[in-house]
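Trainee: Sequence and predicted model, in that order:
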Amino acid sequence: MLAEKLKSATSYYQIRSAIYRHLAVKDEAWKQLSSEEQIRIERLLPQEVLALKTARKSGLIIDYYELETGWFQVFIAGEEQPVSVSKSNVITWVQEQERLNCVTT
């Protein structure tokens, strides 16, 4: 069901709404999409979400959750509670985490 909603989405708002209604199956739904559909959807995502998605893929963060208030809850290894990052600071925060990760590894 989520995969079908993502296929028909034409805006980031539609994508975000569909994912939040089906959060538990978001990764499985993503796998059901073709490469072309994934690329089309990624083009609708804002830079902040793309940065977090890349950080998750690289293992820098475990996961993230976008709040409607303009903040993200970011889950990182070794932290019990998520870190709150404002949408306006996401890219800078990810860059800082990359720098810190390079220093500590």
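Mentor: Okay, I see it. Numbers count the residues shown, from 1 in each chain.

Trainee: residue boundaries of the strands in this structure?
Mentor: Secondary structure of the chain (DSSP state E): strands located at 63-66, 71-75, 83-86.

Trainee: show me the contacts for the most centrally placed residue in the chain.
Mentor: The chain has residue 53 as the residue nearest its centroid, 4.2 Å off, counting by Cα atoms, centre = their mean. With contact set as Cβ atoms under 8 Å, 6 or more residues apart in numbering, residue 53 has these partners: residue 45. In short, each C-beta sits where N, CA and C put it, glycine included.

Trainee: Try it again at 10 Å.
Mentor: By Cβ atoms under 10 Å, 6 or more residues apart in numbering, residue 53 lies in contact with 42, 45, 61, 64.

Trainee: Most neighbours among the residues you listed, which one?
Mentor: Counting neighbours by other Cβ atoms under 10 Å, residue 61 leads the contacts of residue 53 with 23 neighbours.

Trainee: Which single one of the contacts of residue 53 is nearest to residue 25?
Mentor: Relative to residue 25, the closest of the contacts of residue 53 is residue 64; by Cβ to Cβ it sits at 16.9 Å.

Trainee: if we look at the sheet, which residues does that closest one bridge to?
Mentor: Beta bridges link residue 64 to residue 74 when assigned by DSSP bridges.

Trainee: what's near enough to touch it?
Mentor: Residue 64 is in contact with 48-49, 51-53, 55-56, 72-76, 82-83, 85, 90, counting by Cβ under 10 Å, 6+ apart.

Trainee: at 8 Å what do you get?
Mentor: Residues near residue 64 by Cβ under 8 Å, 6+ apart: 52, 55, 56, 72, 73, 74, 75.

Trainee: same deal with residue 75?
Mentor: Counting by Cβ under 8 Å, 6+ apart, residue 75 has contacts 61, 62, 63, 64, 65, 82, 83.

Trainee: okay, those residues in CSV with distance to residue 34 and pLDDT next?
Mentor: Shown next, in CSV, are those (distance: Cβ to Cβ, whole Å; pLDDT from 0 to 100):
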residue, distance to residue 34, pLDDT
61, 26, 96
62, 27, 95
63, 24, 92
64, 24, 92
65, 26, 89
82, 32, 96
83, 34, 95
